[in-house]
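**Student:** Okay, sequence plus prediction incoming.
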Amino acid sequence: MMAADNDGSELKKNKKKAEKTLQNGIEDDAEEEPNFSDPEGFVDDITEEELIGDLLKEKPTEYDGFDSVVVVDNVPIVGPERFEKLQNVIRKFFQRFGKIRTEHYPMENGENKGYVFLEYTCPEHALEAVKLANNHKMDKQHMLQVNLFSDFLKYENMPKEWEPPQPKPYKDMGNLRSWLLNNESFDQYSVIYDAGDKTAIFFNGSGGQPNLAEERSRWTETYVRWSPQGTYLATFHSKGIALWGGEKFEQIMKFSHPDVQLIDFSPCERYLVSFSPLQETKDDPQAIIIWDIRTGHKKRSFHCENQSTWPVFKWNKTGEYFARLGTDALSVYETPSFGLLEKKSLKLPGIKDFTWSPTDNIIAYWMPEQQNVPARVVLISIPNRTELCKKNLFNVADCKMHWQKLGDYLCVKVDRYTKAKKVEEKDQYKYRGISYNFELFRIREKQVPVDKIEIKESIIAFAWEPNGSKFAYIHGEVPRISVTFCNIRPGGKVEVLKTLEKRQANHLFWSPAGQFIVLAGLRSLNGILEFIDTNDMTVMALTEHFMSTDVEWDPTGRYVVSGVSWWGHKVDNAYWIWTFQGRLLQKQSLDRFCQLQWRPRPPSLLTKDQLKDIKKNMKKYSTQFEIKDKMSQTKASKEMIEKRRKMLADFRQYRADKEQEYAQYRERRITLRDGHDTDSQANNPDNYIDETIEFLLSVEEIVLE
């Protein structure tokens, strides 16, 4: 018993000793570890975003999925036999806005309850569905009401105290007409190339030299278009249209219209019209949509008949009215209400076409013959619908109307026939013995007198001088094509200025400033270009851009561009820049060049009298411009010389550095070559042996007589 007690006490002593040793070891180890604690009073001024911002972006966030769910109310209630068809209709319509992940139709007694839950893959698609599908008419009795599921939670928890909404901060778009502030008054143009993959904006510099302003890949999916005054650049995308502007071409506005293919601007640049060929319901027209450019809001949508020609809607000069052709009717709408003028259309049986005056609220339209009533061309004023002039015509097959840019004259090209035979199957007429004449309306004169010119040959093209009283037309058949120039005198007499015979031309391109014209033989006529001064009818230049497909003047009338588009011809794609006199300035070959469009300029702020004064004193201003041109050329030459000098100096410095580096390795080269200094041997002419090598070049035999 005593021995056992001794063993127990000894065991306790050893245990305490081991615990003490372990505790001391732990304390010793703790003393060796560094202390990472912050000192007292330390304030950390570095945020987590600054320290690990890249990691925080990847931090998972709590997401309940409600923002991607939409609730569709007022859905038709159907039984089991029609339920699958209803699902297909709902699914097909709402898939326009994005991919649908899940859909749920609450059921009761074998029928759906009249509302649907749709979950998209992302909240953006859900917002798009709410924006565009709300108030969509499925049929005459069902208009869909579309809301976000999260909105129900939001309105359930409305605060008791009302807080006034905060106004949206103004977004400064910058100067949307910054290109007009260019010191040299260079114009801009857009170019699409690389089969549409790349879009670039260039300044047309001195001598037609392109200076790049902006370039982007896949900026548009089809083509681009400038607004009438050059403020916006429109690009086309599968989901809609985007407008760009400002010095850096930032996005100004976007409009959601899936599969949009055509657009048109109002002349005032306030409204945009877009067209999409997607199928639409009878109760919910979506083919043509008119948008407010400044706000991005949809103003009104319309149906589009199968036989419509673009633009379906035609605007007056100020954008106050727009009109469209209907069946036996002409519908005129007014802004900003976008309702019918006087709430009714003009009943015009058989109306074929109409056009607005470029400067006045005047509409010209024509109607074909009906029974004993002759065909007629009518001019009416808007909004009072007063008839200004009417011209009866007989044996009319077709009419084409051409306004002069200032609205002073209207030319109606009339195709007349001698015999007509009705084709019963197509409900159309076949005409024989076609002849042509021009009906010239002098709009500014009292009672609008009309002059008539008869043409025996077929008419290929017609064009007015933009700001004058001249016009030109191409007539005849290949190879005997002629171009005739006429002028309307103040008294009304039509004077033939000159007829140019045996010309290879099928298009007329007047300078925007008038006086000068380009006769172009595009596509099948191999790109013949003829530059003519109509003041004295002299041919300034006769040249060719082989297989050219397009010709376009710049807004000032100083330059002309001819191009071979990849869309029309698959080889030799390029654009050439000419002066108005026909002198070639630049040849720009771009891989699969597609399109070039000059950027339009807004109307001049100068009055007519000021413009006349400038033209009268042009010699005084031209001297200043000549001096400026010489200075710019001298400046360009100096810049080129300085650039070359810098390149030469850089090369000499590079060569000196390399010679110094070569000299540093001389001793190593001698060591590697068994003590031979090959540098000195290479420079010593005694180390070289001249050896002459002869070889046979040719053998010629001469027979001696």
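**Tutor:** Structure received.
**Student:** Now do the SS call for Phe83.
**Tutor:** Classification of Phe83 using DSSP: H, G, I helix; E, B strand; the rest coil returns helix.
**Student:** Give the burial count for it, as a bare number.
**Tutor:** Per other C-beta atoms under 10 Å, the neighbour tally for Phe83 reads 16. Every residue, glycine included, has its C-beta placed from N, CA and C.
**Student:** From what I see, it and Asn112 are in contact.
**Tutor:** Yes - at 6.5 Å, Phe83 counts as touching Asn112 under the criterion of C-beta atoms under 8 Å.
**Student:** Which neighbours do these two have in common?
**Tutor:** Common neighbours of Phe83 and Asn112 are listed as Tyr105 (criterion: C-beta atoms under 8 Å, 6 or more residues apart in numbering).
**Student:** Show the low-confidence segments of the stretch 201-350 of the chain, by residue range.
**Tutor:** For the stretch 201-350 of the chain, the stretches with pLDDT under 70 are 279-284.
**Student:** Helices of the stretch 501-650 of the chain, residue ranges please.
**Tutor:** 608-616, 618-664 (DSSP state H, counting those that start in this stretch).
**Student:** Where among the ones you listed is average confidence lowest?
**Tutor:** Of all these, helix 618-664 carries the lowest average pLDDT, namely a mean of 83.
**Student:** next helix or strand past that one?
**Tutor:** Downstream of helix 618-664, the next assigned helix or strand under DSSP states H and E is helix 666-672.
**Student:** Can you report how many residues lie near the closest residue to Thr235 other than its chain neighbours?
**Tutor:** The shortest distance from Thr235 to any non-neighbouring residue, by C-beta to C-beta, 6 or more residues apart in numbering, is to Thr220 (3.8 Å). By the criterion of other C-beta under 10 Å, Thr220 has 23 neighbours.
**Student:** Give me the secondary structure label for Thr220.
**Tutor:** Following three-state DSSP, the label given to Thr220 is coil.
**Student:** Double-check Cys411 against Phe462; I have them as touching.
**Tutor:** Yes - in this structure Cys411 lies within contact range of Phe462 using C-beta under 8 Å: 6.7 Å.
**Student:** Can you pull the residues that touch both of the two?
**Tutor:** Contact criterion C-beta under 8 Å, 6+ apart; residues bridging Cys411 and Phe462 by contacting each: 402, 438, 471.
**Student:** Now do the helices in the stretch 301-450 of the chain.
**Tutor:** Read by DSSP H, counting those that start in this stretch, the stretch 301-450 of the chain holds no helices at all.
**Student:** Next: the stretch 101-250 of the chain.
**Tutor:** Using DSSP H, counting those that start in this stretch, the helices of the stretch 101-250 of the chain run over 123-133, 149-156.
**Student:** Tell me who's in contact with the most centrally placed residue in the chain.
**Tutor:** The centroid of the chain falls nearest to Val224 when counting by C-alpha atoms, centre = their mean (2.0 Å). By C-beta under 8 Å, 6+ apart, the residues touching Val224 are 190, 192, 199, 233-236, 595, 597.
**Student:** rewinding a little: neighbour count: Cys411 and Phe462, which is higher?
**Tutor:** Ranked by neighbour count (other C-beta under 10 Å), Cys411 and Phe462 place Cys411 first, with 21 against 16.
**Student:** Quick check: the gap between that one and Ala364.
**Tutor:** Look at Cys411 and Ala364: by C-beta to C-beta, to the nearest Å, they are 10 Å apart.
**Student:** same thing with His545?
**Tutor:** Distance of His545 to Ala364, given as C-beta to C-beta: 36 Å.
**Student:** Neighbour count for the two, which is higher?
**Tutor:** With neighbours defined as other C-beta under 10 Å, His545 and Ala364 compare such that His545 has more, 25 against 22.
**Student:** wait, isn't the more buried one in contact with Val560?
**Tutor:** No - between His545 and Val560 there is no contact under C-beta under 8 Å: 10.3 Å.
**Student:** Domain map for this protein?
**Tutor:** 69-157, 612-655 (the TED database).
**Student:** hey, which of the ones you listed is tucked in deepest?
**Tutor:** For the domains of the chain, the largest average neighbour count (mean count of other C-beta atoms under 10 Å) is found in domain 69-157, namely a mean of 15.
**Student:** Could I get the average pLDDT for stretch 567-575?
**Tutor:** Per-residue pLDDT values over stretch 567-575 give a mean of 92.
**Student:** hmm, who's touching that stretch?
**Tutor:** Contacts for stretch 567-575 (C-beta under 8 Å, 6+ apart): 191, 193, 523, 546-547, 549-550, 561-566, 587-596.
**Student:** Show me which of those are buried.
**Tutor:** 191, 193, 523, 547, 549-550, 561-566, 588, 590, 592-596 (16 or more other C-beta atoms under 10 Å).
**Student:** Leaving out the residues flanking it, which one is nearest to Tyr105?
**Tutor:** Nearest residue to Tyr105 in three dimensions, chain neighbours excluded: Asn112, at 4.8 Å (C-beta to C-beta, 6+ apart).
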